[in-house]
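>>> take a look and give me a structure for this.
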Amino acid sequence: MLSSTLIRTKLYRPPTTRDVVGRPELYESLEQGRGRSLTLISAPAGYGKTTLVSHWLESHPGPSAWVSLDETENDPRMLLSYVVAAVRTIFPEACRETQVQLESHMSVPLADTAACLCNELDDCETDFVLVFDDYHRIHNPAVHDVVIGCLLEHKPRPLHLVLISRTDPPLALATLRAHHMMNEVRSNDLEFTERESGIFLRQATGRSISDPAVARVYRQVEGWAVGLRLTALALRHQQDPEAFLNGFGGDLQQVRGYLLDEVVSQQPPNVRDWMRRT
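Presented below is the predicted three-dimensional model:
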């Protein structure tokens, strides 16, 4: 049963939209990575990281659990509570002892509770994927070193961990690479091709858009998923999409708004101040 202190909707995998573009090569890469300890999806805002993983899990059936992170999960025990709740969405009886330790009034060392979680996840009867979305929100070294570190160093056999982040997490990534324990998807992998850009724009707008017009958009947004999305939104209000795209310069008001909301506002105060001054 979900604790009253946990938000149920943070355990829901985000739904995909009807205009999502299938990306079979990336899905195949994610499938091949299941045999490794970790898949890291690392790219700046707006590259379609969450959409990619959500649609992969939707189109490749199998047990999976999801946790959308925010600043609250910098408390390692809160994060562990969400992990237990997420895993119980697929294995309702899992992680009983871990839950007991988390609810105990006695102070159980964090490393002991993390080790207990690893053991109980190892008892799960079926391979499954556990996704942490927005992992860049985690800044507490105890989460990286003790909780995630334990899951990677002492990997439960059924578990494949997926971290979605705007920045590389402070984990032993070089070691994971050297031991072939990590699968990586980065911004250059996530960029739409010109063909995929055309498919998306036509699906999202329901309009016929010429190949030269698609090429102009592609040169401006360089495969950036949110740039394509915002272009599609702008096209819906144009009487003549081709004429609009003929003069397309990529300087849409929506793009500026997105950058302010999703990129600039996420920077530390000193970085925002530096950006304003420059």
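>>> where do the strands sit along this protein?
38-42, 64-68, 128-133, 159-165, 182-186 (DSSP state E).
>>> now the ones you listed as a markdown table including mean neighbour count?
In short, each C-beta sits where N, CA and C put it, glycine included. Formatted as a markdown table, the strands of the chain follow (neighbours: other C-beta atoms under 10 Å):
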| stretch | mean neighbour count |
| --- | --- |
| strand 38-42 | 23 |
| strand 64-68 | 22 |
| strand 128-133 | 23 |
| strand 159-165 | 22 |
| strand 182-186 | 19 |
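>>> got these as CSV, with mean pLDDT columns?
Output for the strands of the chain, formatted as CSV (pLDDT from 0 to 100):
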stretch, mean pLDDT
strand 38-42, 98
strand 64-68, 98
strand 128-133, 98
strand 159-165, 98
strand 182-186, 97
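>>> now those strands in JSON lines, with distance to L151?
Shown next, in JSON lines, are the strands of the chain (distance: least, C-beta to C-beta, whole Å):
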{"stretch": "strand 38-42", "distance to L151": "9"}
{"stretch": "strand 64-68", "distance to L151": "13"}
{"stretch": "strand 128-133", "distance to L151": "8"}
{"stretch": "strand 159-165", "distance to L151": "6"}
{"stretch": "strand 182-186", "distance to L151": "13"}
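>>> and of these, who's closest to R13?
With C-beta to C-beta as the criterion, R13 lies closest to strand 64-68 of the strands of the chain, at 4.4 Å.
>>> closest to S81 out of the strands of the chain?
strand 64-68 (10.1 Å).
>>> okay, now the sheet partners of that closest one, with direction.
strand 128-133 (parallel) (DSSP bridges).
>>> okay, the angle between the strand it pairs with and strand 159-165?
Here strand 128-133 points in a direction 20 degrees away from that of strand 159-165 (axes from the mean of the first three to the mean of the last three C-alpha atoms, to 10 degrees).
>>> in CSV, list the C-alpha atoms belonging to strand 128-133.
Provided in CSV are the C-alpha atoms of strand 128-133 (Å, rounded to 0.1, in the frame of the first residue of the first chain):
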residue,chain,number,x,y,z
PHE,A,128,12.4,-5.5,-14.9
VAL,A,129,13.4,-1.9,-15.7
LEU,A,130,13.5,0.8,-13.0
VAL,A,131,13.5,4.4,-14.4
PHE,A,132,14.6,7.5,-12.5
ASP,A,133,13.4,10.6,-14.5
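>>> what angle separates that strand from strand 38-42?
Strand 128-133 runs at 30 degrees relative to strand 38-42, counting by the same axes, to 10 degrees.
>>> off-centre distance for strand 128-133?
9 Å (C-alpha atoms, centre = their mean, to the nearest Å).
>>> can you give the contact residues for it?
Here strand 128-133 makes contact (C-beta atoms under 8 Å, 6 or more residues apart in numbering) with 13-14, 34, 50, 53, 57, 62-69, 83, 86-87, 90-91, 158-164.
>>> try stretch 231-240
Stretch 231-240 is contacted by residues 19, 200-201, 204-205, 207, 209, 217, 221, 241, 244-245, 248, 252, 254 when judged by C-beta under 8 Å, 6+ apart.
>>> top of those by number of neighbours, please.
Within these, most neighbours by other C-beta atoms under 10 Å means L201, with 25 neighbours.
>>> what's the pLDDT at that residue?
With respect to pLDDT, L201 scores 92.
>>> against A45, how distant is it?
Look at L201 and A45: by C-beta to C-beta, to the nearest Å, they are 20 Å apart.
>>> H180 too?
29 Å.
>>> please say which of those two ends up with more neighbours.
More crowded of H180 and A45, by other C-beta under 10 Å: A45, with 15 against 10.
>>> quick one: that one and S165 touch, right?
No: if you go by C-beta atoms under 8 Å, A45 and S165 don't touch, sitting 10.9 Å apart.
>>> wait, what's in contact with the spatially most central residue of the chain?
With distances taken as C-alpha atoms, centre = their mean, I164 lies nearest the centre of the chain, 3.2 Å away. Contacts of I164 were listed using C-beta under 8 Å, 6+ apart, and they are 41, 49-50, 53, 131-135.
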